[in-house]
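Engineer: With the sequence up front, the predicted model follows.
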Amino acid sequence: MKTALKNKTICIEKLLFDLPGKISLKLEDGRIYIVPLKYFPELQRLPVEKRKKYTIVDDRTILFSFSDSIYHLEDFIGLENKWRQR
């Protein structure tokens with residue numbers, strides 16, 4: 001199920017951990033958001049191999065197998081208050 005943010009469909013395709021200290025979100029439209037892991041301390045503490053164990057739910061929510069936190073696309077693009085409004 002695709003959802004819209006400001007009249008645009010935004011869906012996470014995959015996560016990348018190829019840059020040290022960063023998490024990259026590749027979106028289905030080709031854009032990539034690169035965010036420092038320091039903003040996500042629980043993920044930063046996980047080894048890279050454990051970070052790679054994730055599931056994308058509803059195109060915009062990320063669940064990590066080795067973390068109890070739930071992350072939303074908006075958390076990574078600076079709109080963390082917006083996901084509650086959906």
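Structural biologist: Alright, I've got the coordinates. Because the structure is a prediction, the values reported are computed rather than measured.

Engineer: Please enumerate the helices of this structure.
Structural biologist: Secondary structure of the chain (DSSP state H): helices at 41-44, 48-51, 73-76.

Engineer: Now do the residue nearest the centre of the chain against Lys53, distance only.
Structural biologist: Nearest to the geometric centre of the chain sits Leu73, at 5.0 Å (Cα atoms, centre = their mean). With distances taken as Cβ to Cβ, to the nearest Å, Leu73 is found 19 Å from Lys53. Any C-beta I mention is one placed from the backbone N, CA and C, and that applies to glycine too.

Engineer: can you pull the contacts of the nearest residue to Lys50 once chain neighbours are set aside?
Structural biologist: Excluding its sequence neighbours, the residue lying closest to Lys50 (Cβ to Cβ, 6 or more residues apart in numbering) is Phe66, at 4.3 Å. By Cβ atoms under 8 Å, 6 or more residues apart in numbering, the contact list for Phe66 reads 46, 50-51, 53.
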